[in-house]
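Chemist: After the sequence you'll find the predicted model.
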Amino acid sequence: MDTVAAAISGNPYFSAGFGLLGVGAGLAVLRQGARRGADLLRRQLLVSMEIPSHDKSYQWVLGWLSRRGAEAIRAAGAGAPGGGDASWARRRLMAALTPRHVAVQTSYKQHDNGSVSTDFTMVPGQGKHVIMYGRALLQVERQRNAKMLDIQSATPFETVTLTTLSRDRAVFSRILAEARAMALAQNEGRTVLYTSFGPEWRPLGLPRKRRLLRSVVLDRGVSEAIVADVREFIANGQWYDDRGIPYRRGYLLHGPPGSGKTSFIQALAGELGYNICILNLSERGLTDDRLGHLLTVAPERSLLLLEDVDAAFGRARQLSDQGGFQQSMVTFSGLLNALDGVASSDERIIFMTTNHLDRLDPALVRPGRVDVKVLLANASPHQIRTMFVRFYGADHADLARRFADALRGCSVSTAQLQGHFVVHKKDAQCALDNVGALLAEK
Ligand SMILES: Nc1ncnc2c1ncn2[C@@H]1O[C@H](COP(=O)(O)OP(=O)(O)OP(=O)(O)O)[C@@H](O)[C@H]1O
């Protein structure tokens, strides 16, 4: 044994081998130590915030990042010889930090006259980027998991992770607040129409310019009465809460086609600064469960609109129940349950419209489900005069009176009147002379 040990220790190759082994092991320990140290340091010094693509704030933060990117490019390029208030060093830093790999996001902008234009914005692409926010350095990492699908949107699951130094952790809430305010400002003065998409609400098209309440001409005092009722409801949440009454109010607007029911609800939403969630009860694939869920998760500050409720539960529905055309799977009791089930403390304002009040089941329109019923009928003489003056100006009040007299006793909808005025938009006298065309339409 001793001779073997002596042989090994005396052998220079063996000694060198052991030496190398020792150095290797030492290095491995050092490397692991360094990694652990870096991990520990990272945990102590860095904080991160992950935003998954299914979260509402995801698009807000992407929008915010794209705005920051554009600002960084401006700050880096602008003011080269002494321009702008960014120092030269800061501009250089901004230039260095401008993301090199960007993704394009196309957005549509609706102008006040209703036309739509396209706009391209660049958001940081997949991978890591570094940006400056105030004095804080932030790492932005955008990751896509191609193997995971967001079930609701059927798009790959994505995340954006923001990382910064622990001492700057407060920037996260500032960024979220800024991103939210930025997104909301884009919809300022506009009404967002939501429609159901699976179990959630999605914006339908672009936010629309708010419709002015006075652009919808209802009979004397009708508009004012509804607006006052809704405002009173909105202002009295505590009252409902104190008495344990579900905080919801139901309105039913009924009347012939083209009397302004939908237009009025849009204008009311604009007046209140609310959005509208439109639900089509006849929608294919809509079930009782989904309806109940949708009514509970409607975005805050929105009016829920169930249009043409008679179509879903009137004669057409009976036909489908007898094996006719396939409609939604919502049952009448499912609708009642959904309306009653909205018993959370969240404010719910539900508008229903119908052309046929008589076809509605009394159970649907009982107080608690429908608290306010309003008839929007064919145009009254007051509406005819008001619309005429609104189209041609106050100096045509006399023609307006004669026009209303010519239509006295006739059933003309406000939509028909609007159509007539559009045809004769340049000439009030012509509109009066051709009033007979309105009667011929009948
Ligand atoms: N009272 C009104 N004042 C101003 N415009 C009106 C009025 N009524 C209808 N219109 C115009 O007529 C068109 C159709 O109106 P709207 O869709 O609001 O009618 P509706 O009562 O909801 O019809 P329907 O019962 O068929 O759904 C819109 O372009 C709207 O601007």
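Modeler: Structure received.

Chemist: Now do the closest residue to the ligand within the stretch 251-400 of the chain, the pLDDT please.
Modeler: Nearest residue of the stretch 251-400 of the chain to the ligand (C-beta to the nearest ligand atom) works out as residue 260 at 2.8 Å. To be clear about C-beta, it is placed using only N, CA and C from the backbone, and glycine gets the same treatment. Among the per-residue scores, residue 260 shows a pLDDT of 96.

Chemist: what's the answer for residue 33, then?
Modeler: In this prediction residue 33 is given a pLDDT of 82.

Chemist: Could you report the neighbour count for it?
Modeler: Residues within reach of residue 33, counting by other C-beta atoms under 10 Å, total 10.

Chemist: what's it sitting at in phi/psi?
Modeler: For residue 33, the backbone dihedrals are phi -60, psi -40 (criterion: degrees, to the nearest 10).

Chemist: With the one 4 residues further on instead?
Modeler: Backbone dihedrals for residue 37, given as degrees, to the nearest 10, come out at phi -60, psi -40.

Chemist: Surely residue 292 and residue 339 touch.
Modeler: No - in this structure, residue 292 is not within contact of residue 339 by C-beta atoms under 8 Å, at 9.3 Å.

Chemist: Flag every buried residue along stretch 230-247.
Modeler: 230, 233, 240, 247 (16 or more other C-beta atoms under 10 Å).

Chemist: ok now do the first one, which residues does it touch?
Modeler: The reference is to residue 230. Taking C-beta atoms under 8 Å, 6 or more residues apart in numbering as the criterion, residue 230 is in contact with 249, 251, 268, 272, 349.

Chemist: What mean pLDDT does the helix or strand where residue 120 lies get?
Modeler: Assigned by DSSP states H and E, residue 120 belongs to strand 116-124. In this model, strand 116-124 has a mean pLDDT of 69.

Chemist: what about residue 290, how many neighbours?
Modeler: When neighbours are defined as other C-beta under 10 Å, residue 290 has 19 of them.

Chemist: ignore the last one, residue 50
Modeler: Close neighbours of residue 50, defined as other C-beta under 10 Å, add up to 12.

Chemist: near the ligand, which residues of the stretch 251-400 of the chain?
Modeler: Neighbours of the ligand within the stretch 251-400 of the chain, by C-beta under 6 Å from any ligand atom: 257-263, 355.

Chemist: Can I get the buried ones among the residues you listed as something I can paste into ChimeraX?
Modeler: In ChimeraX, selecting the buried portion of those, with burial taken from 16+ other C-beta under 10 Å, looks like this:
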select :258,259,260,261,262,263,355
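
Chemist: can you name the two of the residues of the stretch 251-400 of the chain next to the ligand that are farthest apart?
Modeler: For those, with distances taken as C-beta to C-beta, the pair at the greatest spread is 263 and 355 (14.7 Å).

Chemist: What is the host helix or strand of residue 240 packed up against?
Modeler: If you go by DSSP H and E, residue 240 is part of helix 237-243. Here helix 237-243 touches no other helix or strand, going by 3 or more C-beta pairs under 8 Å, 6 or more residues apart in numbering; DSSP states H and E.

Chemist: Begin at 43, not 1, for the rest of this chat.
Modeler: Taking 43 as the first residue, the last one we looked at is helix 279-285.

Chemist: Run the chain-centre distance for that helix.
Modeler: A distance of 28 Å separates the C-alpha centroid of helix 279-285 from that of its chain, computed with C-alpha atoms, centre = their mean, to the nearest Å.

Chemist: Export only the CA atoms of that helix, formatted as PDB.
Modeler: Output in PDB follows, covering the C-alpha atoms of helix 279-285 (Å, rounded to 0.1, in the frame of the first residue of the first chain):
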ATOM      1  CA  GLY A 279     -75.700  54.200  -4.500                       C
ATOM      2  CA  GLN A 280     -75.400  54.600  -0.700                       C
ATOM      3  CA  TRP A 281     -79.200  54.700  -0.400                       C
ATOM      4  CA  TYR A 282     -79.500  51.300  -2.100                       C
ATOM      5  CA  ASP A 283     -76.600  49.900  -0.100                       C
ATOM      6  CA  ASP A 284     -78.100  51.000   3.200                       C
ATOM      7  CA  ARG A 285     -81.400  49.300   2.500                       C
END
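
Chemist: Rounded mean pLDDT for it, please.
Modeler: Confidence over helix 279-285, taken as the mean pLDDT, stands at 90.
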